[in-house]
Structure formats: C-alpha cells, structure tokens
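Colleague: Model the structure of this input:
(chains A, B, C and D)
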Number of protein chains: 2
Amino acid sequence: MQRPFVHPPIESVTLEGILYALADPVRLEIIRRLSKEGCGMNCQSAAPMNMPRSTQSHHYQILREAGLIRSERRGVEVVNTLRCDEIGTRFPGLVPAILKAAVAAETVV
Amino acid sequence: MQRPFVHPPIESVTLEGILYALADPVRLEIIRRLSKEGCGMNCQSAAPMNMPRSTQSHHYQILREAGLIRSERRGVEVVNTLRCDEIGTRFPGLVPAILKAAVAAETVV
DNA sequence: ATCGTTGTTCAAGACTATCGAACTATTGAA
DNA sequence: TTCAATAGTTCGATAGTCTTGAACAACGAT
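Modeller: Okay, here's the model as predicted:
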C-alpha cells in the first residue's frame, strides 16, 4: 500500500476546504507552527504532543487535500511545507488574517 | 418548546467556531448575503432556495452559536443580523478577509 | 538481516449532517 | 373568536465523518 501523496492543483483549492481544514484546533496549530518555522517540518514535530499517530496522519491528510501543505517523503520521515505562495496568489491575505486571529485569540485567553 | 435563542458573549467566541461555521457553502452564502444587505434578513431570504427548512434552521443555529449572527423573533419571522462590530473588535479583519476570498473564489470559477 | 523510528491503513464506535414529518407561534381574515 | 396561512423549530432516522488502537510498510543504522 502506502499510496503516494495527492496534492490538488492550486486552481482546484476551495475556500470551504481551507476553512474546514483550519477549523480544527489541532490542524490550526500545525499550520501555525509551519508558518513560524519557515522551512519544512516532519509530522511529529508540527503536531501537538501525545496525539495518536493515526489521528495525526488523518489531520495531515485533510490539510494536504485542502491544498494548505505539501508533503514529501524524506527517508523515514515526511516533510511538510506550507504552500503559502500559491495560496497567497489564489486567496490573497486569507491565511495571514486567520493566523493573526489565532494570535489574537491566544492573547485574550 | 421553542426555546429562546442563545447568543454567546463575544469574549467566548472562538476562532475555530467561526471557521467551522464558515466552512460550509450554505452558511458562507448566508453570511455573504447578510453582509451585503447591511440590515437584518429573515431566515428564508438569506438562505439559498430549495433548502429544507429544518436544514436551514440547523445552519442558523451553527452561525448563532459561533457568534456570527444575532437572531431575534419579529412576529412570525426571525430577523438575523451580522455581529460585525463585535467580531471586528475581537478578530480584526478576519471576516472581511474571508468574504474577500469568497469573491475571489467566485470570479475564478 | 534485523531492529527502531516514522508514518499509513484498516476497522469499529462515537459524533455530526441532512431531511421528512410533526409541532409551535404569530398574523390576518372570516 | 376561530380558522387558516406563514415562518421556523424540534424530533427521529439514515448516512457520512472523526478518533483511535492494532497491524502494516518503508527507510536507516547497526
């Protein structure tokens, strides 16, 4: 098995898909960490601790299919990177606005 | 029955809740219409045509509990208004960015 | 070759969405 | 006042999705 990763072309990325993907706290946190890091991160380091691997894998699949991240196998691990440039041209300012709101939500709590 | 509407105080409105609510095409469309209109709209006129009432009702409930709209009974109908000012202070620029992206998604299709 | 690490796939139970049917509440008319 | 029409809500059932343990696959190092 172990099917290859599927990344949608940027034209078929939908707003609904992006919002749905980011509506989950775990997935939002993953994207936040990826955006902070700048470069790629493997699955474990970008996801919150103590989360079952199968659940992580599911979340990365959602993010991938939404068009938010690109996943590449690098030896034993999978390196995930934000597709920021592509998304930035398709939906200018969208992801930054959401990440900014995530920071705002954090400071109030 | 017919319980009174519950509107969360703006402090307990979460980013996840907003994103989740707007991740559905029907709900996003409702918010778009409400934002265009400026003033309140009843449930039927803001929702897409040919949608079962029970489903509409469910969607409005999600929007209400997410803190995006305020619903008030006015006689036989329910008037819904965007809570734009409150959301704008809690998450500045968030909803406008999403609505802008919705327009961008439309023009490409 | 075997083992440890990283991540995927599968299956089952819990949770959520959709929608028809029945119900509630208010308005207007007879 | 009673009756009917209108606008939404609630309930129940079916179908789809999330979570997670268990088993599996792939690579690197010893």
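
Colleague: how deep is A:His7 tucked in, by neighbour count?
Modeller: By other CB atoms under 10 Å in any protein chain shown, 16 other residues sit near A:His7. For the C-beta atoms, the positions are set from N, CA and C on the backbone; glycine is no exception.

Colleague: Tell me who's in contact with the closest residue to it other than its chain neighbours.
Modeller: Spatially, and ignoring its direct neighbours in sequence, A:His7 is nearest to A:Arg70 (5.7 Å; CB to CB, 6 or more residues apart in numbering or on different chains). Contact criterion CB atoms under 8 Å, 6 or more residues apart in numbering or on different chains gives A:7, A:64, A:80-83 as the residues in contact with A:Arg70.

Colleague: Please identify the buried residues of stretch A:30-46?
Modeller: Along stretch A:30-46, the positions that meet the burial threshold by neighbour count (16 or more other CB atoms under 10 Å in any protein chain shown) are A:30-34, A:40-41, A:43, A:46.

Colleague: And for stretch A:9-26?
Modeller: A:13-24, A:26.

Colleague: Going by distance to B:Gln56, which of these wins?
Modeller: Taking CB to CB as the measure, A:Glu16 is the one of the buried residues of stretch A:9-26 closest to B:Gln56, at 18.0 Å.

Colleague: in which helix or strand would I find that closest one?
Modeller: Element membership of A:Glu16, judged by DSSP states H and E, is helix A:15-22.

Colleague: what helices or strands is the helix or strand just after that helix leaning on?
Modeller: For helix A:15-22, the succeeding helix or strand toward the C-terminus, using DSSP H and E, is helix A:25-37. Counting contacts by 3 or more CB pairs under 8 Å, 6 or more residues apart in numbering or on different chains; DSSP states H and E, the secondary-structure elements packed against helix A:25-37 are helix A:15-22, helix A:43-46, helix A:53-66, strand A:69-74, strand A:77-82, helix A:94-108, helix B:15-22.
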